[in-house]
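Undergrad: output the structure for:
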Amino acid sequence: MTLDSCFAKQLRSSSERLFSLVDKFHQVKVLVVGDLTLDEFLTGQVERVSREAPVLIIRHEQTRQVPGGGANAVYNLAKLGAQVQVVGLLGKDEQGQALRGIFEAAKIDTSGIFLDLARPTVTKTRISGHARQSVTQQIVRVDRKSDDLPAESLQLQLADYIRSQVGKVDVVVCSDYGDGVFTPPVIAAALTHPLTIVDTQQNLPRFSGATLFTPNLPEAEKAVGYAISSPELLMQAGKDLLSLTKAKQILITRGEYGMSLFDRNGLPTSHIPAFNRTDVFDVTGAGDTVVAALTLSLCTGASVWEAAVLGNLAASIVIRKFGTSTTTPGEIKTALETLLDEIDQF
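TA: Take a look at the predicted model:
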């Protein structure tokens, strides 16, 4: 991996501070408002084609359940050592019980989770199969969800709970996957905190005035209405997004091209390169990891540039893992040491 010499020099000079920031992650209190999802992975061995229909018969071997959607953002923050409170909705079903159990096992405060009796827990079940001595392949995905919004009474319950907690936490994170939690009362309550980080897939201006937005490249293109196909258009998109959202900062994540950070206060635009372009196995949930590490870094006194570097570094770890994954402070510090060693060799 070859890094720009100016960036490499800045990273080397900041290294001691970056290590110290990671060591403080456990001090941060975070309120995460999110569209909570359970990801299920069912795997088994393919035995034959059914005589009932042209489908495969799979002998079940294992079922794995992990947090997905906004729940993955919650879980990432907890695995990084933060003190996490989650706010969201679950259905009265086995999937909701499973997700709540995962949270509680990770010592996540679930007092802000409310039951939605009219809607199921959002669940994405991936069914995969393999023949003997062959690679496991996904065959089909089954989604459980409702397109209806939560009842108004539930929206107000969520908003009231958020308002009761914002004075007790260091930051509010909004993880919006479009599954109905983020109605106007909930958004307004979340934005009462002076430090609000927003990760949303659509309609960014709904969160107008939030501190920082973290769109990926397709989300940024959708928001500005044009393809970001050149460095000049990237710069224009950053300016347009700052104007559109009234945010203090915009961080556009650009996959193998790294990240670009735009600041309302006139600071120079920063471009942070990708730290892992080759060993990419699965990008699922990498955006949640970026948000988690970025958030905790900001709350421990990092500059936005330092926070973006640590967020990028955390993402470079999870894309080496299969499925929705998390990382830890120890892994981030090891990855930083490895990166610094690579810099010293050039």
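
Undergrad: okay, now the unreliable bits of this protein?
TA: Judged against pLDDT under 70, the low-scoring parts of the chain cover residues 1-3, 266-268, 276-285, 321-324, 346.

Undergrad: find the centremost residue of this protein, please.
TA: Of all residues in the chain, the one closest to the mean position by Cα atoms, centre = their mean is Asp288, 1.2 Å from it.

Undergrad: tell me the contacts of it?
TA: Under the criterion of Cβ atoms under 8 Å, 6 or more residues apart in numbering, the contact list for Asp288 reads Asn72, Ala73, Asn76, Ser175, Asp199. Yep, even glycine has a C-beta here, placed from its N, CA and C like the rest.

Undergrad: can I get the strand or helix carrying it as PDB, trimmed to CA atoms?
TA: Assignment of secondary structure by DSSP states H and E places Asp288 within helix 286-299. Coordinates of each C-alpha in helix 286-299 appear next as PDB, following Å, rounded to 0.1, in the frame of the first residue of the first chain:
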ATOM      1  CA  ALA A 286     -18.700  -1.300   7.300                       C
ATOM      2  CA  GLY A 287     -20.500   2.100   7.400                       C
ATOM      3  CA  ASP A 288     -21.800   1.400  10.900                       C
ATOM      4  CA  THR A 289     -18.200   0.700  12.000                       C
ATOM      5  CA  VAL A 290     -17.000   4.000  10.500                       C
ATOM      6  CA  VAL A 291     -19.800   5.800  12.400                       C
ATOM      7  CA  ALA A 292     -19.000   4.100  15.700                       C
ATOM      8  CA  ALA A 293     -15.200   4.800  15.700                       C
ATOM      9  CA  LEU A 294     -15.700   8.300  14.400                       C
ATOM     10  CA  THR A 295     -18.300   9.100  17.100                       C
ATOM     11  CA  LEU A 296     -16.200   7.800  20.000                       C
ATOM     12  CA  SER A 297     -13.100   9.600  18.700                       C
ATOM     13  CA  LEU A 298     -15.000  12.900  18.500                       C
ATOM     14  CA  CYS A 299     -16.200  12.400  22.100                       C
END
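
Undergrad: immediately after that helix, which helix or strand?
TA: Counting by DSSP H and E, what follows helix 286-299 is helix 304-318.

Undergrad: between the contacts of Asp288, which has the most around it?
TA: Highest neighbour count within these, by other Cβ atoms under 10 Å: Ala73, with 34 neighbours.

Undergrad: same for whichever helix or strand Ile250 is part of, what does it pack against?
TA: Using DSSP H and E, Ile250 falls within strand 249-253. Using 3 or more Cβ pairs under 8 Å, 6 or more residues apart in numbering; DSSP states H and E as the contact criterion, the secondary-structure elements in contact with strand 249-253 are strand 212-213, helix 217-224, helix 231-245, strand 259-263, helix 286-299, helix 304-318.

Undergrad: quick check: angle from that strand to strand 259-263?
TA: Strand 249-253 and strand 259-263 meet at an angle of 170 degrees, taking axes from the mean of the first three to the mean of the last three Cα atoms, to 10 degrees as the criterion.
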